[in-house]
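1. any chance you could fold what I've pasted below:
(2 chains, ligands or ions: 2)
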Amino acid sequence: MAKKTEKNNDDIGEDVRLALYRSQQEVRQLEKRAYDLFLQNLIKGTSHLCIGQEAIAAGFATAMKPGDWSFCTYRGHGHTLARGASMTGVLGELMGRECGLLAGKGGSMHLTDVEKGAMGSYAIIGAHLPIAMGAAWKAQYKKTGEVAVCFFGDGTTNIGAFHEALSMSATWKLPVVFVCENNLYMEYTSIGDVTPVEHPAADRAPAYGLPKIIVDGNDADAVYRAARTAFDLARAGGGPSLIEAKTYRHHGHSRADPGKYRPDDEVKAWMARDPIPFYRQRLLDFGVSEASITAIEEEVAAAVNVATEEAKASPPPSQDLILKDVWADGGWAWRN
Amino acid sequence: MAELTYRDAVAAGIAQEMERDEDVVFLGEDIAAAGGVFKATVGLLDKFGPERVRDTPIAEQAILGAAMGAAMTGLRPIAEIMFSDFFAVCWDIVVNEIAKTRYMTNGQINLPLVIRTANGGGLRFGAQHSQSIENWAMMIPGLKVVAPSSPADVKGLLAAAIRDPDPVIFFEHKALYPTKGEVPDGEHVEELGKAKILRDGDDLTIAALAAMVPRAVEAAERLKDEHGIECTVVDIRSLVPLDTQTLFREVSKTGRLFTVEENPRLCGWGAELSSLVSEEIFWELDAPIVRITTPHIPLPAADQLEDLTIPSVDRITDTILKSLG
Ligand SMILES: Cc1ncc(C[n+]2csc(CCOP(=O)(O)OP(=O)(O)O)c2C)c(N)n1
Ligand SMILES: [Mg+2]
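-> Ligands and ions are numbered 1, 2, ... in the order given. Next up is the predicted model:
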């Protein structure tokens, strides 16, 4: 291991930075593979890629402890992977294979890996904010020290569940961190066109007695620091945080959307702020060698290839699963 | 045996379970300091403290979301939705989240939680505070649905619901809160999914639920006293799981089935019972099944109107007499 440079010996440190870069690479390369598999018609249904938003998933997941819980949306492949879910499990689920995280019963919008603390991907806007709050209630009541982290989009700040969850979490001082990934669009509509304030999450924070927090969601260091601060506060009994992370998705909203409603210069400006080359350059500036960066990239690429082959080789889920696991006894009986 | 009101049986059931399991927690609007708008949870705050018995803001999605998040991480929450009509503002959490998550996650997540709610009419509250919505809940895969008719069943079935590893919607009937009945002393736990035969008669079978149960029993008494007609009365108690075996046995015995349902007609729970009986024991029937329901309308408020709308002892008796010819 090369000697750590002074720059890289700060409050984050080189080991964490390498982990942040690896995590971003994993999410990016896996999402790109998902896109390719779509074009090959190996992934059906819909899919919401987080390409361009990787620094948020990486920053928070890297700052979380193993017992912490994360809750995310249908745009959740990255968040699930960043908590340590297997690539084969993620791709397998997208492809509807037996090896999928949910054995094909959930699909792209519901990735979950409870063992890793990835407590689910929720596809009804706003629903998971109160659910994440409930997990935080458990941590508070049992004094077990976990933090619940809830990721959602800018559009989600306009639905009622956002208000209900923020209001009750702040009143109960629950250890939950709400993370608004402001990618400027709710589906196909610019968030500014449908929201009365400039910062859809941060400007509402004072209504719940919370500070306004805005971070650069394309800078994994900034995200990581914001996460750490919020987690420390939550674990110390200081209650929830609401963090607005500014970011941008490189693709359309979902598989079907080419994203044509976005002005060219806006897209161009944000593509120039791609979080991954940006972070790569920081690593170089901080004295990490080109060789060790390339090694990470190649390792990740190899892992994605292996996962792709494993998922492709996996059979479709057993038909027995259709009538399994409605109830905790494993069955589905509604009558005797 | 002690005599308790239906209302007090709620608090007794919750207290019994909170005493034996510290993972049982309880939240809802006005449930702690105020003891509930129907006074069904009086004393729980004093007994178990504000960490376990928590007043919430008026935020039904937050209440049920909190229950779900707490359940998936290891607690056994009881959530109260003050009036069952208010399920309409948090139905997403019930239907899309609580009911489906275990299945969608291939069994990774368990949701041992209970949602208690005051259901049904009879208190002149009008169409937004009187609905019988047990059929809404019954049609959603992934929910267990229970509706007790007596104080003993309130305590025993509520205890069973709290211990159950799956989500249970527990419909208390608001018109039954002041009614009294004997409740067994000591720990009392019933089994979910078992109907109860309240009267045994050879001429016909009446299936009823919640507040319709005492009315069905009274109608049966009148039919015997005034007409010599002997009725079997089955308290369905649990719509999911549904005790079809008891139903089939009692219908086969008499050859006739009448359902008494407070829910509006279309897709009421009796429609499912009729369908099951028709499909599986049709040849045991001596006559068509008759459903006695609230008409398919929103509920009116005034005494005289509401009384004519919800199935009454008179209507049950008259309908049965007419059908018997
Ligand atoms: C209650 C509800 N309304 C509408 C939708 C359809 N829908 C899915 S994603 C989406 C946009 C959400 O935007 P945002 O919260 O900014 O998240 P992003 O997709 O940008 O990550 C909409 C309207 C939904 N899933 N749920
Ligand atoms: Mg958005």
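
2. only C-alpha atoms from now on, for both contacts and neighbour counts.
-> Fine.

3. ok, which stretches of chain A are strands?
-> If DSSP state E is used as the criterion, the strands of chain A fall at A:69-73, A:118-122, A:148-153, A:176-182, A:185-186, A:189-190, A:213-216, A:241-246.

4. same check on chain B?
-> Assigned by DSSP E, chain B shows strands spanning B:2-5, B:24-28, B:53-55, B:76-83, B:114-119, B:144-146, B:168-173, B:180-183, B:196-199, B:204-208, B:231-235, B:238-240, B:257-264, B:290-294.

5. so who does residue 205 touch?
-> If you meant another chain, say so; for now it's chain A. Taking C-alpha atoms under 8 Å, 6 or more residues apart in numbering or on different chains as the criterion, A:Ala205 is in contact with A:211-212, A:242.

6. my question was about chain B, not that one.
-> Applying C-alpha under 8 Å, 6+ apart, we find B:Thr205 in contact with B:231-234, B:250-251, B:254-258.

7. would you map the helices across the stretch 201-325 of chain B?
-> Taking DSSP state H, counting those that start in this stretch as the test, the helices found in the stretch 201-325 of chain B are B:212-227, B:244-254, B:269-281, B:303-309, B:313-324.

8. please compute how far the longest one lies from its chain's middle.
-> Distance, stretch centre to chain centre, for helix B:212-227: 21 Å (C-alpha atoms, centre = their mean, to the nearest Å).

9. not counting its neighbours along the chain, what's nearest B:Ala71?
-> Distances taken as C-alpha to C-alpha, 6 or more residues apart in numbering or on different chains place B:Leu111 nearest to B:Ala71, at 5.1 Å, with adjacent residues excluded.

10. dihedrals phi and psi, that neighbour?
-> The phi and psi torsions at B:Leu111 (degrees, to the nearest 10) take the values phi -130, psi 80.

11. one more: the one 10 residues further on?
-> For B:Gly121, the backbone dihedrals are phi -110, psi -160 (criterion: degrees, to the nearest 10).

12. next, A:Gln53: phi, psi?
-> Per-residue torsions, A:Gln53: phi -110, psi 20 (degrees, to the nearest 10).

13. pLDDT weak spots in chain A?
-> Low-confidence segments of chain A, defined by pLDDT under 70: A:1-3.

14. please list the residues of it that sit near ligand 1.
-> Chain A has residues A:75, A:123-125, A:152-156, A:183, A:185-187, A:253 near ligand 1, with proximity defined as C-alpha under 6 Å from any ligand atom.

15. okay, now residue 252: neighbour count?
-> Unless you meant another one, I'm taking chain A. Residue neighbour count, defined by other C-alpha atoms under 10 Å in any protein chain shown, stands at 20 for A:Gly252.

16. you looked at the wrong chain, it should be chain B
-> Residue neighbour count, defined by other C-alpha under 10 Å, stands at 20 for B:Ser252.

17. pick out the residue in the stretch 1-150 of chain B sitting closest to ligand 2.
-> Using C-alpha to the ion, the single residue of the stretch 1-150 of chain B nearest to ligand 2 is B:Asp92, 20.9 Å away.

18. now that residue: how far from B:Ile140?
-> To B:Ile140, B:Asp92 is 12 Å away according to C-alpha to C-alpha, to the nearest Å.

19. the more surrounded of these two?
-> Between B:Asp92 and B:Ile140, counting by other C-alpha under 10 Å, B:Asp92 is the more crowded of the two (19 against 16).

20. the more buried one and A:Ala127 touch, don't they?
-> Yes: the pair formed by B:Asp92 and A:Ala127 meets the contact definition of C-alpha atoms under 8 Å, at 7.5 Å.

21. ok so, going back, pretty sure the residue nearest to B:Ala71 contacts B:Met68?
-> Yes: here B:Leu111 lies in contact with B:Met68, judged by C-alpha under 8 Å, at a distance of 6.6 Å.

22. from B:Ser238, how far out is A:Arg335?
-> From A:Arg335 over to B:Ser238 (counting by C-alpha to C-alpha), the distance is 10 Å.
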